[in-house]
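Colleague: Could you look at this predicted model? Sequence included:
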Amino acid sequence: MRALLDRLANPLHLLIALATLWLLATSAWLGMYRRVPDPAGWINASHIALGFAALVLGAVYTLACTLSGRWRLYFPWLGGQGGAVLRDLAGLARGQRPMSEGGGLFGAIEGLLLLALLAAGLTGALWFAQQGSESALAWRSAHVIAAWSFAGLLIAHVISVSLHLVDLIRN
């Protein structure tokens, strides 16, 4: 299973990136509040379909990233290694670029991004399941917060990857 997940990791990353960029880019044109409008329209329908797909892909990708003890790279504080994140943050304050390996700040950003992806997918799925009910708007609000969190962490992730590429080019 580990070998299969390792082979799938890069294609999953690409599919998740494409799906979530579409979801974020088109979210301003959604017409869904308490329920999916009738007719749904292609923006709403694509958001729902890609949202469910991103949830499944994100769950498999999270599994691929965290099996065999790799979870420590993405969630260092869970393994009692929060000091690496704090050292990276202190280094940033001194103008030093964090290391890209070792479960520090960059890995923690990736872990939080994975959690935000799953949170956005789960809250979206729960909103869809509860549409038309009293709790639908609460799930929609939770989904919006999770999606904005995902967007902010995605920006931090892109910056982190860019800094990592700068390190690779310099070495």
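Modeller: Perfect, I can see it now.
Colleague: From now on I want contacts and neighbour counts done on CA atoms only, so please keep to that.
Modeller: Will do.
Colleague: Just after the lowest-mean-pLDDT helix or strand in the chain, pick out the following helix or strand.
Modeller: Within the chain, no helix or strand scores below helix 82-93, which has a mean of 88 by mean pLDDT, DSSP states H and E. Later in the chain than helix 82-93, the nearest helix or strand by DSSP states H and E is helix 105-129.
Colleague: Mind listing what's buried along the least confident helix or strand of the chain?
Modeller: Within helix 82-93, the residues that count as buried by 16 or more other Cα atoms under 10 Å are 82, 84, 85, 88, 89.
Colleague: measure residue 76 to residue 20 for me?
Modeller: Using Cα to Cα, to the nearest Å, residue 76 is found at 25 Å from residue 20.
Colleague: brain fart, residue 33
Modeller: According to Cα to Cα, residue 33 and residue 20 sit 20 Å apart.
Colleague: what does residue 94 give?
Modeller: 34 Å.
Colleague: which SS state does residue 133 fall under?
Modeller: Following DSSP: H, G, I helix; E, B strand; the rest coil, residue 133 is assigned to coil.
Colleague: Local confidence estimate at it?
Modeller: The score at residue 133 is 92. That number is its pLDDT.
Colleague: now swap in the one 4 residues further on and tell me
Modeller: Per-residue confidence (pLDDT) for residue 137: 93.
Colleague: What count of nearby residues applies to it?
Modeller: 18 (other Cα atoms under 10 Å).
Colleague: what's the closest non-adjacent residue to it?
Modeller: residue 34 (5.7 Å; Cα to Cα, 6 or more residues apart in numbering).
Colleague: Touching, that neighbour and residue 129? I think so.
Modeller: No: using Cα atoms under 8 Å as the test, residue 34 is too far from residue 129 to be in contact (11.1 Å).
Colleague: Tell me which of the two has more neighbours.
Modeller: Taking other Cα under 10 Å, residue 34 and residue 129 do not tie; residue 34 has more neighbours (19 against 13).
Colleague: Now do the same contact list for the more buried one.
Modeller: Each residue near residue 34 by Cα atoms under 8 Å, 6 or more residues apart in numbering is listed here: 131, 132, 133, 136, 137, 140.
Colleague: Of those residues - the most surrounded one?
Modeller: Most surrounded of the contacts of residue 34: other Cα under 10 Å gives residue 140, at 24 neighbours.
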